[in-house]
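Participant: coordinates only, no sequence provided:
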């Protein structure tokens, strides 16, 4: 264990008021050295944080990646943690804070008698979940969101109304124009935590130490991933709109997707650092909800740059990003080619976004804030 790194992480996590000026804090200044046991702001110290499901590390479900990162987040803060399948838990009178999505849902967790006195449930909320397997967002996801029943949100509401100690959490998204989602979010706003969903491949030290990477950019345009799914349940329509034009320009190189070797976090970081530009696209449902996904954060934490197809990045980071966020395919292509040829114009955005991620838009800071009962709206 690196004692200096451990001290840095403790100072950063347990002193939210100095995160904006973290680089100038003396790590030997004892007034900032606070550990988990002495942090009176933190709740749930007598709970075991319990991540449920998605434990297969060979055939990884996409939800394996945030759960893997969350495990490190909670351990870094100082909590006792366990990541397991629900049937493998052995209870011995301890209180647990369960973090779950679809393996099991909060409904299955509660109805099957797994919740004991003093337990807390955090249900991950997404537009589709268990029981919605035959449903997709259609070719017009924004309109679909207006009429959708938002079944996971309704499930969360049901068990709150029954009196269970339950919270909802998930990627920060828009709900103003989606009536049923808006109704539930406004009713349960004191029980909802929105998180900027990204940086999954990177631990806290890597986040705090990230810098713009502006040298040795050997490749023009790199996308880590592949075309998958179908219209309404995948990224095929987003790929056709935003990446096919780059393929036609013969600048795009993709790797690590379906049918090719899976890249480790380290290999992904290396590949991104070789590129003059790294396009950022979202499944159209996330675009409709303005939810920014992991690719955005990973590209910028790696020190590289990309045009984003989702205006939700402006909601989070501000109008400073207006020139690099575009839904119109023609504008997306134009800006991608421009910034690919004018690399020096990228550095301002990389530094700006990295600074915001270091200060507040990372899993470590946000889960600490949640555990201190501070909302992240």
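Facilitator: Received it, and whenever you're ready, just let me know what you need. Here the structure is a predicted model, which is why all the values come from computation and not from measurement. Numbers count the residues shown, from 1 in each chain.
Participant: show me where the stretch 251-377 of the chain has its strands.
Facilitator: Assigned by DSSP state E, counting those that start in this stretch, the strands in the stretch 251-377 of the chain fall at 252-256, 275-277.
Participant: deepest in the core, which of these is it.
Facilitator: Compared across the strands of the stretch 251-377 of the chain, strand 275-277 shows the largest average neighbour count, a mean of 24 (mean count of other Cβ atoms under 10 Å). For the C-beta atoms, the positions are set from N, CA and C on the backbone; glycine is no exception.
Participant: show the end-to-end separation of stretch 167-185, please.
Facilitator: Length of stretch 167-185, first residue to last, Cα to Cα, to the nearest Å: 11 Å.
Participant: what mean pLDDT does that stretch have?
Facilitator: Here stretch 167-185 scores 97 as its mean pLDDT.
Participant: same question for stretch 232-240.
Facilitator: Stretch 232-240 comes out at a mean pLDDT of 89.
Participant: how distant is that stretch from the center of its chain?
Facilitator: Centroid displacement of stretch 232-240 relative to its chain, using Cα atoms, centre = their mean, to the nearest Å, is 20 Å.
Participant: and stretch 96-109, by the same measure?
Facilitator: Counting by Cα atoms, centre = their mean, stretch 96-109 comes out at 19 Å from the chain centroid.
Participant: residues in contact with that stretch?
Facilitator: Residues from elsewhere that reach stretch 96-109 (Cβ atoms under 8 Å, 6 or more residues apart in numbering): 44, 47-54, 63, 67, 70, 85-86, 89, 112, 114-116, 119-124, 126, 129-130, 152, 155-156, 158-159, 164, 166.
Participant: repeat the analysis, applying 7 Å as the threshold.
Facilitator: Residues from elsewhere that reach stretch 96-109, judged by Cβ atoms under 7 Å, 6 or more residues apart in numbering: 44, 47-54, 63, 70, 86, 115, 119-124, 129-130, 155-156, 159, 166.
Participant: of all the strands of the stretch 251-377 of the chain, which lies closest to residue 352?
Facilitator: Closest to residue 352 of the strands of the stretch 251-377 of the chain, according to Cβ to Cβ: strand 275-277, at 16.8 Å.
Participant: give me the mean pLDDT for the closest one.
Facilitator: On average, strand 275-277 scores 98.
Participant: related to what we said a few turns ago, mind giving me CSV with the strands of the stretch 251-377 of the chain and columns for distance to residue 226?
Facilitator: Listed next are the strands of the stretch 251-377 of the chain as CSV, based on distance: least, Cβ to Cβ, whole Å:
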stretch, distance to residue 226
strand 252-256, 6
strand 275-277, 17
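Participant: looking at the ones you listed, which is nearest to residue 212?
Facilitator: Nearest to residue 212, of the strands of the stretch 251-377 of the chain and by Cβ to Cβ, is strand 275-277 at 13.0 Å.
Participant: gap between the closest one and the chain center?
Facilitator: Worked out by Cα atoms, centre = their mean, strand 275-277 lies 23 Å from the chain centre.
Participant: what of stretch 340-351?
Facilitator: 24 Å.
Participant: kindly check the end-to-end length of it for me.
Facilitator: Note: stretch 340-351 ends 17 Å apart using Cα to Cα.
Participant: show me what that stretch is in contact with.
Facilitator: 212, 214, 217, 220-221, 251, 276-277, 300, 303, 305, 324, 339.
Participant: farthest pair within the residues you listed?
Facilitator: 212 and 251 (21.3 Å).
Participant: quick one: the helices in the stretch 151-300 of the chain, in order.
Facilitator: In the stretch 151-300 of the chain, the helices defined using DSSP state H, counting those that start in this stretch lie at 151-161, 179-187, 204-209, 236-238, 244-248, 265-272, 284-289, 294-301.
Participant: who's in contact with the second one?
Facilitator: It refers to helix 179-187. 146, 148, 149, 150, 153, 154, 157, 175, 176, 192.
Participant: among those, which are in strands?
Facilitator: Cross-referencing the contacts of helix 179-187 against strands under DSSP state E gives residue 192.
Participant: so can I have JSON lines of the contacts of helix 179-187 showing neighbour count and distance to residue 16?
Facilitator: Shown next, in JSON lines, are those (neighbours: other Cβ atoms under 10 Å; distance: Cβ to Cβ, whole Å):
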{"residue": "146", "neighbour count": "14", "distance to residue 16": "37"}
{"residue": "148", "neighbour count": "20", "distance to residue 16": "36"}
{"residue": "149", "neighbour count": "11", "distance to residue 16": "37"}
{"residue": "150", "neighbour count": "24", "distance to residue 16": "32"}
{"residue": "153", "neighbour count": "27", "distance to residue 16": "29"}
{"residue": "154", "neighbour count": "13", "distance to residue 16": "33"}
{"residue": "157", "neighbour count": "19", "distance to residue 16": "30"}
{"residue": "175", "neighbour count": "20", "distance to residue 16": "26"}
{"residue": "176", "neighbour count": "10", "distance to residue 16": "28"}
{"residue": "192", "neighbour count": "21", "distance to residue 16": "20"}
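Participant: just put the contacts of helix 179-187 in JSON lines and tack on distance to residue 78.
Facilitator: Formatted as JSON lines, those follow (distance: Cβ to Cβ, whole Å):
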{"residue": "146", "distance to residue 78": "43"}
{"residue": "148", "distance to residue 78": "39"}
{"residue": "149", "distance to residue 78": "39"}
{"residue": "150", "distance to residue 78": "35"}
{"residue": "153", "distance to residue 78": "31"}
{"residue": "154", "distance to residue 78": "35"}
{"residue": "157", "distance to residue 78": "32"}
{"residue": "175", "distance to residue 78": "33"}
{"residue": "176", "distance to residue 78": "37"}
{"residue": "192", "distance to residue 78": "25"}
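Participant: nearest to residue 138, of the contacts of helix 179-187?
Facilitator: Closest to residue 138, out of all of the contacts of helix 179-187 and judged by Cβ to Cβ, is residue 148, at 10.0 Å.
Participant: can you pull the contacts of that closest one?
Facilitator: 127, 180.
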